[in-house]
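Enquirer: Need a 3D model of the following:
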Amino acid sequence: MRGFEYYTPTRVIFGKDTHLQVGTLLKEQGCHKVLIHYGGGSAVSSGLLDQVKGSLAEAGIEYVTLGGVVPNPRLSKVYEGMELCKKENVDFLLAVGGGSVIDSCKAIGYGVANPWTDVWNFFLKTETPKACLPVGAILTIAASGSEMSNSCVITNEDGWLKRGSVKCDFCRPRFAILNPRLTYTLPQYQTESGCVDILMHTMERYFVNSETMEITDSISEALMQTVIYNARILMKEPGNYNARAEIMWAGSLSHNGLTGCGTAGGDWACHQLEHELGGMFDVAHGAGLAAIWGSWARYVYQENPERFAQFATNVFEIPCGVDFEKTALAGIEAMEEFFRSVKMPTSLGELGLELTEAQVHELAFKCSFEDTRTIGAMKQLNMKDMEKIYLMAR
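Expert: Take a look at the predicted model:
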């Protein structure tokens, strides 16, 4: 049994109308001026932004705002936020949105608190941050788990490189407000794409080619079953509060480190492969993961067919005999069938991408950091392996 370290300090405030407590929470943090960071028009049109401003004003906390965060958040917006924070003497960052907004806040916090270097170096992993401006989150999309994680992902428009930061507890949000009602207005595609992201955060840690802990496996399997069950409910009942709540809490649990306890860190190959798709083609993260997962799974499952068979049996209740490979493949097919049932793609073509061989080569070249690294734990993948998986996924 492997040892591990588990630390998740984020305070979670979960339930209906909890976002109205934000002023009190910020006052408890001792901050004086807050940057309210958000994405598109939904935070404005829904009235959420006005409610947040009202709560801060009632608590006597000054604020400035910066909107415009897009999916696959941009480095240019991070630089814009850094300049605004310096100009306005901001001492706390409040993300009102989903994972993209939270990640943008974290990156801004890194940039302001470490003026001795370019913040992009933390994503190239050539430098390590020494501090981060404190971050809080009001979650409006259940997906990335960034509200409780120790990392963030940013896209650099120069080369369209999508990279994850150094993992560091400095950027963990001080608090996360989770009100499932704030996700009611999400389009179906975003809701289900978020569900896939939650599943993948769990599966990345689950599919390893090493000893694991039974209790961690059981938590992961139950979490996956819960997401699958409730994602299907939300296809028919988008206003189902209980299903929204289950998905929202699952998103936080899937990426706060809990399902990685005793798994030696996980595989993460699918995320690395999808990051290049997101960087080059700006696809929705969860949808991109769904499009690539089946090809990755078929490429690597023979490294540990027993593990994939366990997944098939414990998540999809597929009977397992002595033929682990047959059961493993049935489990892969069952997951792809689930993706289809919630209108998620199972190939790059279904994602709307018709890749040329030159584009496949470019994706693999970027993912392998110009043919200088391998990815994955279930099976170490070099640049040629990456090309083969992208080609299989077409």
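
Enquirer: What are the buried residues along the helix or strand encompassing residue 315?
Expert: Per DSSP states H and E, residue 315 falls inside helix 305-316. Neighbour-count burial for helix 305-316 flags 305, 307, 308, 309, 310, 311, 312, 313, 314, 315, 316 (criterion: 16 or more other C-beta atoms under 10 Å). (Glycine included, C-beta is placed from N, CA and C.)

Enquirer: Could you check the angle whatever helix or strand comes next after that helix makes with helix 305-316?
Expert: Sequence order places helix 324-341 as the next helix or strand after helix 305-316, per DSSP H and E. Angle of helix 324-341 versus helix 305-316, following axes from the mean of the first three to the mean of the last three C-alpha atoms, to 10 degrees, is 40 degrees.

Enquirer: Flag the helix or strand of the chain with the lowest per-element mean pLDDT.
Expert: The helix or strand of the chain with the poorest confidence is helix 42-45; it has a mean of 88 (mean pLDDT, DSSP states H and E).

Enquirer: Any idea how far the helix or strand just after it is from the middle of the chain?
Expert: Downstream of helix 42-45, the first helix or strand assigned by DSSP H and E is helix 48-58. In terms of C-alpha atoms, centre = their mean, to the nearest Å, the centre of helix 48-58 is found 27 Å from the chain centre.

Enquirer: can you pull the alpha-carbon coordinates of stretch 121-136 into CSV?
Expert: C-alpha atoms of stretch 121-136 as CSV (Å, rounded to 0.1, in the frame of the first residue of the first chain):
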residue,chain,number,x,y,z
ASN,A,121,7.2,30.6,-16.5
PHE,A,122,5.1,28.8,-13.9
PHE,A,123,3.2,27.1,-16.7
LEU,A,124,6.4,26.2,-18.5
LYS,A,125,7.6,24.9,-15.1
THR,A,126,10.9,26.7,-15.4
GLU,A,127,10.1,28.7,-12.2
THR,A,128,8.3,27.9,-9.0
PRO,A,129,5.9,30.5,-7.4
LYS,A,130,6.7,31.8,-3.9
ALA,A,131,3.3,33.2,-3.2
CYS,A,132,-0.2,33.9,-4.6
LEU,A,133,-2.7,36.6,-4.0
PRO,A,134,-5.6,34.9,-2.1
VAL,A,135,-8.5,33.6,-4.2
GLY,A,136,-12.1,32.8,-3.5
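
Enquirer: so how far is it from its chain's centroid?
Expert: A distance of 18 Å separates the centroid of the chain from that of stretch 121-136, by C-alpha atoms, centre = their mean.

Enquirer: For that stretch, which residues meet the burial criterion?
Expert: 122, 123, 127, 129, 132, 133, 134, 135, 136.

Enquirer: contacting residues around it?
Expert: Stretch 121-136 has contacts (C-beta atoms under 8 Å, 6 or more residues apart in numbering) with 22, 25-26, 29, 31, 85, 90-95, 102, 105-110, 112-114, 117, 154, 156, 163-166, 168, 170-177.

Enquirer: do that again at 6 Å, thanks
Expert: 92-94, 105-106, 109-110, 112-114, 117, 154, 163, 165-166, 168, 170-171, 173-175 (C-beta atoms under 6 Å, 6 or more residues apart in numbering).

Enquirer: What subset of the residues you listed is buried?
Expert: Burial by neighbour count, judged by 16+ other C-beta under 10 Å, picks out 92-94, 105-106, 109-110, 112-114, 154, 163, 165-166, 168, 170-171, 173-175 from these.

Enquirer: Just the ones in strands from those residues, please.
Expert: Assigned to strands by DSSP state E, the following of these qualify: 92, 93, 94, 154, 163, 175.
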